[in-house]
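In: Below is the sequence, then the predicted model.
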Amino acid sequence: MSVKLTQRQQQVLDLIRSEIHRTGFPPTRAEIAQSLGFRSANAAEDHLRALARKGAIVLTRGTSRGIRLTDSAAAPHQDTSAASSAVEHLVLPVVGRVAAGSPILAQQHIESELSVQPSLFAKTPHYLLTVRGTSMQNAGILDGDLLAVHKTPEARNGQIIVARLGDDVTVKRLSRKDDHIQLLPENPDFDPITVGPSDDFTIEGLAVGLIRTQTN
């Protein structure tokens, strides 16, 4: 970046990049404070606001993970080949509501297509899923957003996934227990979903990024 950052600001920015690359989503203020040894989440908030003023990130009010890297901060150490590949675009299907029991990428679910830069995402996405509802709002995933999804049947504990449970498709955080799985919301108004051994459960994909369709 052309704007000079303090050492602490650079550490915060590097942590945000690392978590987005590892999980597809930024850390919370509390996680930043814990990782970097700040006394409180308020100290992390001060650094985030400074990064936002310097154009490194964009903050979304009211969400604990409402942090987005700007284009200039997303990949600051690109070489020539990486820079040239960044201009290449993917054309991804945009999936709306998914009918019960039918494949997510069935033609009747595809509302449109959107051209995106692959470099914006932690992994190459295969489609964009229109978010419905507010159960993941504290992860910065808002109603109407387009969730970038990498198709895979596997996910690590703590990652945000697209899952099929019975006839429903949902976006939740994966929590594996010894004898069961829980699908955790990021909104205290919603209850966790417990998946039993006899439930019809499938991981459809991994959330690898987000496109905001509306601005506050």
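Out: Received it, and whenever you're ready, just let me know what you need. The shown structure was predicted, so the numbers you read here are calculated from the model rather than taken from an experiment.
In: which residues of the protein fall in strands?
Out: 57-59, 67-69, 90-95, 110-116, 127-130, 146-151, 160-165, 168-176, 181-184, 193-195, 201-211 (DSSP state E).
In: What strands line up against the fifth one, and which way round?
Out: Take DSSP bridges as the rule and strand 127-130 pairs in its sheet with strand 90-95 (parallel), strand 146-151 (antiparallel).
In: Tell me which of those sits most buried.
Out: strand 146-151 (a mean of 22; mean count of other C-beta atoms under 10 Å). (Each C-beta comes from the backbone N, C-alpha and C, glycine too.)
In: for this protein, which spans come out with low pLDDT?
Out: 1-3, 62, 72-88, 214-216 (pLDDT under 70).
In: What are the boundaries of the helices in this protein?
Out: 7-23, 29-36, 41-53, 71-74, 80-86 (DSSP state H).
In: for those, which one sits closest to Asn187?
Out: helix 29-36 (16.3 Å; C-beta to C-beta).
In: elements contacting the closest one?
Out: helix 7-23, helix 41-53 (3 or more C-beta pairs under 8 Å, 6 or more residues apart in numbering; DSSP states H and E).
In: Report the contact partners of Val131.
Out: 141-147, 171 (C-beta atoms under 8 Å, 6 or more residues apart in numbering).
In: Out of these, which two are the most distant from each other?
Out: Across these (C-beta to C-beta), the longest gap, 12.9 Å, separates Gly144 and Val171.
In: ok, the two, which is more surrounded?
Out: Val171 (25 against 11; other C-beta atoms under 10 Å).
In: wouldn't the more buried one be in contact with Ile141 here?
Out: Yes. Between Val171 and Ile141 there is a contact under C-beta atoms under 8 Å: 6.8 Å.
In: shared neighbours of these two, which are they?
Out: 131, 147, 160, 207.
In: would CSV of those residues with distance to Gln11 be doable?
Out: Formatted as CSV, the shared contacts of Val171 and Ile141 follow (distance: C-beta to C-beta, whole Å):
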residue, distance to Gln11
Val131, 31
Leu147, 28
Ile160, 24
Ala207, 25
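In: from these, which two are the most distant?
Out: Among the shared contacts of Val171 and Ile141, Val131 and Ile160 lie farthest apart (C-beta to C-beta), at 11.1 Å.
In: and for these two, which residues touch both?
Out: 141, 171.
In: for Gly66, phi and psi?
Out: Per-residue torsions, Gly66: phi -80, psi 60 (degrees, to the nearest 10).
In: With adjacent residues omitted, what lies nearest to it?
Out: Closest residue to Gly66 apart from its sequence neighbours, by C-beta to C-beta, 6 or more residues apart in numbering: Thr60 at 3.0 Å.
In: Surely that neighbour and Leu48 touch.
Out: No. With contact defined as C-beta under 8 Å, Thr60 does not count as touching Leu48 (11.1 Å).
In: Show me whatever sits in contact with both of these two.
Out: What both Thr60 and Leu48 touch, as defined by C-beta under 8 Å, 6+ apart, is the set Ile67.
In: Check the gap between the nearest residue to Ala33 once chain neighbours are set aside and Leu210 for me.
Out: The shortest distance from Ala33 to any non-neighbouring residue, by C-beta to C-beta, 6+ apart, is to Ala44 (4.5 Å). Remark: distance between Ala44 and Leu210 (C-beta to C-beta, to the nearest Å) = 21 Å.
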